[in-house]
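1. Would you be able to build a 3D model of this:
(2 chains)
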Amino acid sequence: MQHVSPVREPLVTGGKTYHDITEDVCRQVEAKPNIRWMAALSVALFFLGIFFYSVYRTLWYGIGEWGLNKTVGWAWDITNFVWWVGIGHAGTLISAVLLLFRQKWRSSINRAAEAMTIFAVICAAMFPVLHMGRPWLAYWVFPFQNTFGSLWVNFNSPLLWDVFAISTYFSVSLVFWYIGLIPDFATIRDRAKGPIAKRAYALLSFGWKGSAKAWSRYETVSLILAGVATPLVLSVHTIVSMDFATSVVPGWHTTIFPPYFVAGAIFSGFAMVLTLMLITRVVFKLEDYITIEHIALMNKIMMITGSIVGVAYITEFFIAWYSQVEFEQYAFINRATGPYWWAYASMMTCNVITPQLVWFRRIRYSIPATFILSIIVNIGMWFERFVIIVTSLHRDYLPSSWVMFSPTWVDIGIYVGTLGLFFTLFLLFAKFFPVVNMAEVKTILKYGVDNGPTYTANHNHGHQVAPVHQPVAPALPASAPVNYNKHD
Amino acid sequence: MTKRFALGIFDDEDVLLHAIENIRAAGVKIHDVFSPYPVHGIDDALGIERSRLPIAAFFFGLTGLSFALWMQIYMLGFDWPMIIGGKPHIALPAFIPVSFEMTVLFCAHGMVITFFTISKLYPRWKVPVMDVRATDDKFVMAIELKDDASELSRLTQLLRENGATEVNEKEMTQK
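-> Residues are numbered from 1 along each chain as shown, chains lettered A, B, ... in the order given. Below is the predicted model:
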C-alpha cells in the first residue's frame, strides 16, 4: 500500500521503485543507439563540420575573414562568448545553489544541466581563443615569463580576470559533475554485460562501492563544492560584465552590469535547460522524472530572472538620462531608434514581454508553449549581447569613424558551428552517460509518498537466489519513528 | 588475504537503520554497509565520525589565496613593475578577482584530490564488489566471519530477525 501525501506533490511520478529508476536511466546507455539519436547526431556532426571549416578559414587567412572593422573590433565573437558562458550558468545554479537551498526537485535535472554547463563553456572558450588570431600562443594569457624578458601578464585587466574566472569555472564544474557521475558509473558497471563496457565503466567509476563512509565523505564534498561554486558562478559573469563595465565606452560603462549580466545568464541558461530537458524527457522516456512540475518551476525561475533583466534595461535608460552625459544618452537613444533598432526591438520583445506570459498557469504548465518560449528567450538573450556590444561600438565619441557592422559567412559559420559542437557533445553524453542522477533521485523517491515503494515491491531480478529459510516479518515496520539525526 | 563475510541484504533504508542499531547493540562488529544512495542517519547509526574534509578545504582555500596574492604582488609589484593606466603597482582592489578565483580553484581541487586519496578511489580495471545489487536497489550489510562454524547461522538468525530479506556468504580477496 502506498500513501500519497495530499499536500506535497511527489517528485518522481509513476510509482517507481529503486530498481525501476536504475532500469529507466540505464536503458539508453545499454541499448543500441536508436534511429532518432543517429539522425540527431548526423545533423550535429554536419554543423560541427561547418565549425571546423570556418575555423580553418579563420586560422589560415586570419581574423580578416570576420566582419570586424576598425570601429567594431568586437562583434559576433564576444556576443557568442557571453551568450554561451551565460547558458552555462544555469547548470551550476541548479547543481550548486539549489543544493544549498535544499531544493530537492533539482535532482532529476542537475546531471544534464551540468553537462550543458561544461559543453557551453567549451563552446564559449572557442571565441576568445580564435579572436586571438594565433591560438597556438594562447598560453600567453597565463602568467608565464615570456621569452623576451621577465614581462608578466597584467593583473589589472578584466580580460585577464576572465582567463582565471573561466578556467576555474570550467575545471570546478567539470570536477563537480564528475564526482556526481561516479556512483552512477558504478551502477552501470555492476549491470554491464560486455567485457569492454565492464572495463570502461570500472575505470570511470574509480572503484566506487557505495560504502557508508564513502557516501558520508561524498556528501561532505558535494556540499562544500556547492558552497564554493555558488559564489564562483556569480563571480564569473560579474567578471565577464567587467570586460565592458571597466571601459569608458558609452553604453558599457555602467555599475549595473554585474548583477544584470548574472540575471541574464541565469535567464538564458534556464531557457536552454528547458529546451534540452523538454527534448530529452520525450526521447528517453523520462517523463516520470522530469515532470510537468519541474518544467513549471524552471519556468518560474525564467520569469523572475527575465523580469530582473527587464528592470535592468529600463534602469539603464533612466540612468543615461539622469547622468546628464550626452554620449550616454545618445548611446541609448541610438540603440532604440538607430540603425540597429530591429535588434533592440527583438531583444525587448523576446526578453521583456514573452517571459511575462509565464504568469499564466496554462502557459507555465504547457509543454509546447514552454518549448517555444525557451527558444524565444535564447534568441532574445543573443540579441541582448549583440545590442550591448555592436550598438555601443559602432557609434561612440568620434562621428567620423561611425560604421555599420555586418557579419561574414565565417562569423555565421563559427556560431552555428559551435551549436553543432554543443549538440554533438550533448548527444554523446546522453548516449554513454546516465542522463539523470540515479543515486540522487533514489533519495527523493519517497518524497511525498509514505511507506515507500521499495518496501512493498519484491524484485528478484536474478543476480542471486535467496538461500535461507522463509522470509520473516521485519522487526520494525518501515513507518516506525526513526530517532536518528536525519539532516533534512 | 581472503576474508569471509556474511552479507545481509535489506530492501528498505528505515529497516536497515534499525537493524544496524540492533546488531551493534548485540555486540556484532559491522564491517561495512553498502547502499545505492546516501542514507541519512547512517553515520550516527554506524558511529562514523564527522569528516574533517571541510577543515582541509579551508586550508586549501587559504593556500590558494596566499599564492594568488603573492603571485600578483611579486610579479607586478617587484619583478617587473609597470605603470598601467596610472594605477599603483600593487593595486589590491584589482587583485581581488584573481585572488578569489585562485582560492576557489585550490579549495575545490585540493579537497577533491584529498577525497579520492582517503577514500582510495582511483581508476581500476576490476572492482571487488560484495554484491552488485548494492549499486541498484539493495542495502548490503557486510559482517566479517571469523573461523567459527556456528557463526554464520547465528548471524543469519540475527540479520533475519532484524529484517534482512536474504543472507549470503561471500569470500573476498582484500587488497
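
2. which parts of the stretch 51-200 of chain A sit against chain B?
-> The stretch 51-200 of chain A comes close to chain B at residues A:143, A:149-158, A:160-161, A:164-165, A:168, A:171-172, A:175-176, A:179, A:182-183, A:186-187, A:189-191, A:199, as judged by C-beta under 8 Å from any C-beta of the partner chain. (Glycine included, C-beta is placed from N, CA and C.)

3. Among those residues, which lie within helices?
-> Counting by DSSP state H, these place A:158, A:160-161, A:164-165, A:168, A:171-172, A:175-176, A:179, A:182-183, A:186-187, A:189-191, A:199 in helices.

4. Mind checking which of those are buried?
-> Neighbour counting by 16 or more other C-beta atoms under 10 Å in any protein chain shown classes A:158, A:160-161, A:164-165, A:168, A:172, A:175-176, A:179, A:182-183, A:186-187, A:189-191 among those as buried.

5. residues near residue 115, how many?
-> Let's take chain A. Look at residue A:115: counted by other C-beta atoms under 10 Å in any protein chain shown, it has 22 neighbours.

6. right idea, wrong chain: chain B
-> Residue B:115 has 23 neighbours, counted by other C-beta under 10 Å.

7. Buried residues in the strand or helix carrying it, which are they?
-> Using DSSP states H and E, residue B:115 falls within helix B:92-118. For helix B:92-118, burial by neighbour count (16+ other C-beta under 10 Å) applies to B:94-95, B:97-112, B:114-116.

8. Which strands or helices does that helix pack on?
-> The contact analysis (3 or more C-beta pairs under 8 Å, 6 or more residues apart in numbering or on different chains; DSSP states H and E) places helix B:92-118 against helix A:158-191, helix A:212-245, helix B:53-72.

9. Tell me which of these lies nearest to residue B:133.
-> Set against residue B:133 and scored by C-beta to C-beta, those come closest in helix A:158-191, at 7.8 Å.

10. how many degrees apart are the closest one and helix A:212-245 in direction?
-> Orientation check (axes from the mean of the first three to the mean of the last three C-alpha atoms, to 10 degrees): helix A:158-191 against helix A:212-245 gives 150 degrees.

11. Any idea how far helix A:158-191 is from the middle of the chain?
-> Relative to its chain's centre, helix A:158-191 lies at 12 Å (C-alpha atoms, centre = their mean, to the nearest Å).

12. swap in stretch B:39-51?
-> Averaging C-alpha positions (C-alpha atoms, centre = their mean) puts stretch B:39-51 12 Å from its chain's average.

13. so how far does it reach from one end to the other?
-> For stretch B:39-51, the separation between the terminal residues is 16 Å (C-alpha to C-alpha, to the nearest Å).

14. That one close to chain A?
-> Yes: judged by C-beta under 8 Å from any C-beta, stretch B:39-51 and chain A are in contact via B:39, B:40, B:41, B:42, B:43, B:44, B:45, B:46, B:48, B:51.

15. Strands of chain B, residue ranges please.
-> Using DSSP state E, the strands of chain B run over residues B:2-10, B:32-34, B:139-145, B:166-173.

16. would CSV of those with mean neighbour count and mean pLDDT be doable?
-> Below are the strands of chain B laid out as CSV (neighbours: other C-beta atoms under 10 Å in any protein chain shown; pLDDT from 0 to 100):
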stretch, mean neighbour count, mean pLDDT
strand B:2-10, 20, 82
strand B:32-34, 22, 86
strand B:139-145, 24, 84
strand B:166-173, 16, 79
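
17. Now render these as a markdown table, adding distance to residue A:26.
-> Formatted as a markdown table, these follow (distance: least, C-beta to C-beta, whole Å):
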| stretch | distance to residue A:26 |
| --- | --- |
| strand B:2-10 | 21 |
| strand B:32-34 | 19 |
| strand B:139-145 | 19 |
| strand B:166-173 | 23 |
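
18. Including distance to chain A, could those strands go into TSV?
-> Below are these laid out as TSV (distance: least, C-beta to the nearest C-beta, whole Å):
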stretch	distance to chain A
strand B:2-10	8
strand B:32-34	4
strand B:139-145	8
strand B:166-173	4
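
19. how much space between residue A:180 and chain B?
-> Per C-beta to the nearest C-beta, to the nearest Å, residue A:180 is found 12 Å from chain B.

20. ok, the residue nearest the centre of chain B - contacts?
-> When C-alpha atoms, centre = their mean is applied to chain B, the residue found nearest the centroid is residue B:119 (5.4 Å). Shown in contact with residue B:119 (C-beta atoms under 8 Å, 6 or more residues apart in numbering or on different chains): A:213, A:214, A:217, A:218.

21. surely the third one meets residue B:118?
-> So the one you mean is residue A:217. Yes: if you go by C-beta atoms under 8 Å, residue A:217 and residue B:118 touch, sitting 7.2 Å apart.

22. Low-confidence ranges, the chain, go.
-> Let's take chain A. Low-confidence segments of chain A, defined by pLDDT under 70: A:1-9, A:146-150, A:447-488.

23. nope, chain B please
-> Chain B contains residues with pLDDT under 70 at B:1, B:174-175.

24. Which parts of the stretch 1-150 of chain A are helices?
-> Applying DSSP state H, counting those that start in this stretch to the stretch 1-150 of chain A gives helices spanning A:18-30, A:35-61, A:76-92, A:98-100, A:110-131.

25. Pull out the buried positions in the fourth one.
-> Within helix A:98-100, the residues that count as buried by 16+ other C-beta under 10 Å are A:98, A:99.

26. Then the longest one?
-> Residues of helix A:35-61 classed as buried by neighbour count (16+ other C-beta under 10 Å): A:37, A:40, A:41, A:44, A:47, A:48, A:50, A:51, A:54, A:55, A:57, A:58.

27. cool, and the first one?
-> Buried residues in helix A:18-30, defined by neighbour count with 16+ other C-beta under 10 Å: A:18, A:19, A:20, A:21, A:22, A:23, A:24, A:25, A:26, A:28, A:29.
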